[in-house]
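Trainee: generate coordinates for the sequence data below:
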Amino acid sequence: MRHGYGKLRWPSGALYEGEFSGGYMHGSGMYTRPDNMKYKGRWRLNLKHGLGYQNFPNGDVFEGSWIQGTPEGPGKYIWANGNVYVGNMKAGKMSGKGTLTWISGDSYEGSWLNGMMHGFGIYTWSDGGCYVGTWTRGLKDGKGTFYPRGSRLPNGKQLYLNSMRKRGVLPDLRQENRASHIHQATSGDSRKGNEGLPNISDSVFEGGDNEDDNNNPILEREYMQGVLISELVLSNRFSLSSKQAKRREKKLAKEIKKPGEQIIKGHRSYDLMLNLQLGIRYTVGKITPVHRREVRTSDFGPRASFWMTFPKEGSQLTPSHQSDDFKWKDYCPMVFRNLREMFKIDAADYMMSICGNDALRLLSSPGKSGSVFFLSQDDRFMIKTLRKSEVKVLLRMLPNYHLHVRRYDNTLITKFFSQDLSLPVVRSNKRPFRFVVMGNMFCTELRIHRRFDLKGSSLGRSADKVEIDENTILKDLDLNYCFYLEPSWRDALLQLKQIANSWKSQHIMDYSLLLGVITEHLSTCALLCLMVVSVDGLGIVAEDEAMEDEISPQGLVLVPVELMTVVSLWAHTSEAAD
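Mentor: Below is the predicted model:
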């Protein structure tokens, strides 16, 4: 039985040199593999346990605490590309308090969960501009404040942040840097490597000396799941008085007319709207109380559906109503409930938005599909009628769609919330209507200045209108922007390749990237991009139908363009189109 100090070599070429106890690698030791993986630190019963330093085969380095073979506790992770994280780890992922500094000089200091920004934090650009607010699973969520470069935090705000660091809500990099100086016990060179990491806590809020920068406004912003929904100028010469701001908001509200016509009693689509609202209210009310479970294979497909009859006089299960008798069919209710939960859609809010006291609005359809569009009064949800062939396509792709959404919480694909069928009970000239409920891409209080329908091709891909306004749908050849993104969002664009491969496997060749651009406070050269990938194979967007599809956004955040590295969207859309 091995005990004490020794060496152990495997046929693969791996080597352990260090302490043994009871036949196990136990104590201090170094383990190396032929693929350049190297670990030096503490062991317990053949597992890395305690303080250790590991070089990964891809060039990454982790120096910190290990528990049962996994990085857990305080540590420092350095990626091969130069990005550095200093903070707490859990199960090998960034969790708790920590700071990630990108090679570009941008940094995030705050709370993490499962490798994503989650909770209160500060995002700082390389030249000192910063955003102070909250994140949910990697997305800005709730209210926060943007401080442009050259501005200083108010004394009260700075004292508040220092207090948060003392209480542990924000990381204290001085302590974390000391905790990460682990390799110095086994290597004399580690101190030099750690000294090269800047103290973000001290440098984040230092103001610049450029007087021109002081003209940039301090902005209070509100986000919903990564999407900027409102913005208010807090200070400097661009700021309006409260009375002026209110008058401006009222003026803008009058100027921005909501699309579509309101459906009232006597309208040609009034009965159809009632059927839709009654059916969705019944469906959501029935499935919500069911005990939550994992989605099974039997929950997919045409057979995973149920029928319900809605007589005009009502029944034990359905209320009385003013339209004719109709039947309601709900497809894959368990799957769509799970999707709504993954998209963080509250069941009560969902029903109130679509089935509340307010009527839906009917949108005109300039496209070839002949579909009918309904829009909820709060603009959050859009309902579109489908052809029978389109229903089959959606049901066929639903398993892969569900798998993709589970993999990507912040998916760029159209968000589907429900699929249903309304059928007249008595045979008449009324045809059945099949519905799909989606998110509305342009649900924001901000004015969208440019709208794009991008397919990654050039043939006929330009707007026909000579005069372009905010409602004009522009196409690929009209796109003359470069977009400047936070590093955390650049990886999101890599989804496009996976999405394109997914559609290819489903034999879907026609799809679009829908893009909304908001230019706010042009003195700061800012852009907000709202993006979503829609599937034209379902009749969602055809080349002449781009106006129809206002779908759920994934926000590429509003940032001052001069602060970021350039990313060309055209390169990504072209790659996805391939």
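
Trainee: now stretch 110-119: buried residues?
Mentor: Of the residues in stretch 110-119, 110, 111, 112, 113, 116, 117, 118, 119 count as buried by neighbour count, 16 or more other C-beta atoms under 10 Å. Yep, even glycine has a C-beta here, placed from its N, CA and C like the rest.

Trainee: give the rounded mean pLDDT of that stretch.
Mentor: Per-residue pLDDT values across stretch 110-119 average out to 91.

Trainee: contacts for it, please.
Mentor: 87-88, 93-99, 108, 120-122, 134-138, 169-171, 488 (C-beta atoms under 8 Å, 6 or more residues apart in numbering).

Trainee: quick one: which of the residues you listed sit in strands?
Mentor: 87-88, 93-99, 108, 120-122, 134-136 (DSSP state E).

Trainee: which among the residues you listed count as buried?
Mentor: Here, 16+ other C-beta under 10 Å leaves 87-88, 94-99, 108, 120-122, 134-136 buried among these.

Trainee: which of those lies closest to residue 3?
Mentor: residue 88 (35.1 Å; C-beta to C-beta).

Trainee: for that closest one, which non-adjacent residue is closest in space?
Mentor: Among residues not flanking residue 88 along the chain, residue 96 sits closest, at 3.2 Å (C-beta to C-beta, 6 or more residues apart in numbering).

Trainee: sorry, back to before: which two in the ones in strands among the contacts of stretch 110-119 are spaced the farthest apart?
Mentor: 93 and 122 (20.5 Å).

Trainee: partner residues bridging the nearest residue to residue 307 once chain neighbours are set aside?
Mentor: Distance criterion C-beta to C-beta, 6+ apart; nearest residue to residue 307, sequence neighbours excluded, is residue 329 at 5.4 Å. Residue 329 has these beta-bridge partners by DSSP bridges: residue 307, residue 421.

Trainee: isn't residue 329 up against residue 423?
Mentor: Yes - under the criterion of C-beta atoms under 8 Å, residue 329 makes contact with residue 423 at 7.0 Å.

Trainee: domains in this protein, by residue range?
Mentor: Domain ranges of the chain: 1-52, 107-179+197-250, 261-439, 450-577, per automatic domain parsing.

Trainee: just the mean pLDDT for the longest one, thanks.
Mentor: For domain 261-439, the mean pLDDT works out to 83.

Trainee: quote the end-to-end distance of it.
Mentor: 19 Å (C-alpha to C-alpha, to the nearest Å).

Trainee: the closest residue to residue 135 other than its chain neighbours: what secondary structure?
Mentor: The spatially closest residue to residue 135, leaving aside those adjacent along the chain, is residue 117, at 4.1 Å (C-beta to C-beta, 6+ apart). Following DSSP: H, G, I helix; E, B strand; the rest coil, the label given to residue 117 is strand.

Trainee: tell me what residue 117 is bridged to.
Mentor: What pairs with residue 117, by the bridge criterion (DSSP bridges), is residue 112.

Trainee: just the one 4 residues further on next, same as before
Mentor: On the basis of DSSP bridges, residue 121 takes part in beta bridges with residue 110, residue 133.

Trainee: let me see the ranges of the helices in the stretch 301-450 of the chain.
Mentor: All helices of the stretch 301-450 of the chain, identified by DSSP state H, counting those that start in this stretch, fall at 333-342, 347-355, 388-407.

Trainee: mind putting the ones you listed into a markdown table with mean neighbour count?
Mentor: Output for the helices of the stretch 301-450 of the chain, formatted as a markdown table (neighbours: other C-beta atoms under 10 Å):
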| stretch | mean neighbour count |
| --- | --- |
| helix 333-342 | 20 |
| helix 347-355 | 17 |
| helix 388-407 | 16 |
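
Trainee: with distance to residue 264 added, can I get those helices in CSV?
Mentor: Shown next, in CSV, are the helices of the stretch 301-450 of the chain (distance: least, C-beta to C-beta, whole Å):
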stretch, distance to residue 264
helix 333-342, 29
helix 347-355, 16
helix 388-407, 29
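
Trainee: ok, which of these comes nearest residue 39?
Mentor: helix 388-407 (29.8 Å).

Trainee: now do the closest one against helix 333-342, angle only.
Mentor: Helix 388-407 and helix 333-342 are oriented at 50 degrees to each other (axes from the mean of the first three to the mean of the last three C-alpha atoms, to 10 degrees).

Trainee: with only the CA atoms kept, save helix 388-407 in PDB.
Mentor: Once non-C-alpha atoms are left out, helix 388-407 reads as follows in PDB (Å, rounded to 0.1, in the frame of the first residue of the first chain):
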ATOM      1  CA  LYS A 388     -52.900  23.700 -41.600                       C
ATOM      2  CA  SER A 389     -49.600  23.000 -43.200                       C
ATOM      3  CA  GLU A 390     -47.900  25.600 -41.000                       C
ATOM      4  CA  VAL A 391     -49.300  23.900 -37.900                       C
ATOM      5  CA  LYS A 392     -47.800  20.700 -39.000                       C
ATOM      6  CA  VAL A 393     -44.400  22.400 -39.400                       C
ATOM      7  CA  LEU A 394     -44.500  23.900 -35.900                       C
ATOM      8  CA  LEU A 395     -45.500  20.600 -34.300                       C
ATOM      9  CA  ARG A 396     -42.700  18.800 -36.200                       C
ATOM     10  CA  MET A 397     -40.100  21.300 -35.000                       C
ATOM     11  CA  LEU A 398     -41.400  21.700 -31.500                       C
ATOM     12  CA  PRO A 399     -39.100  19.000 -29.800                       C
ATOM     13  CA  ASN A 400     -36.000  20.600 -31.300                       C
ATOM     14  CA  TYR A 401     -37.300  24.100 -30.500                       C
ATOM     15  CA  HIS A 402     -37.900  23.100 -26.900                       C
ATOM     16  CA  LEU A 403     -34.400  21.600 -26.600                       C
ATOM     17  CA  HIS A 404     -32.900  24.800 -28.000                       C
ATOM     18  CA  VAL A 405     -34.700  27.100 -25.500                       C
ATOM     19  CA  ARG A 406     -33.500  24.900 -22.700                       C
ATOM     20  CA  ARG A 407     -30.000  25.200 -23.900                       C
END
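
Trainee: who does it touch, helix- and strand-wise?
Mentor: The contact analysis (3 or more C-beta pairs under 8 Å, 6 or more residues apart in numbering; DSSP states H and E) places helix 388-407 against helix 333-342, strand 416-424, strand 433-439, helix 495-505.

Trainee: give the pairing partners of the third one; include direction for each.
Mentor: Note on strand 433-439: by DSSP bridges, its sheet partners are strand 381-386 (antiparallel), strand 416-424 (antiparallel).

Trainee: identify the residues contacting the spatially closest residue to residue 327 that is not a sequence neighbour.
Mentor: Spatial nearest neighbour of residue 327, excluding adjacent residues (C-beta to C-beta, 6+ apart): residue 423 at 4.4 Å. Residue 423 makes contacts with 326, 327, 328, 329, 432, as judged by C-beta under 8 Å, 6+ apart.
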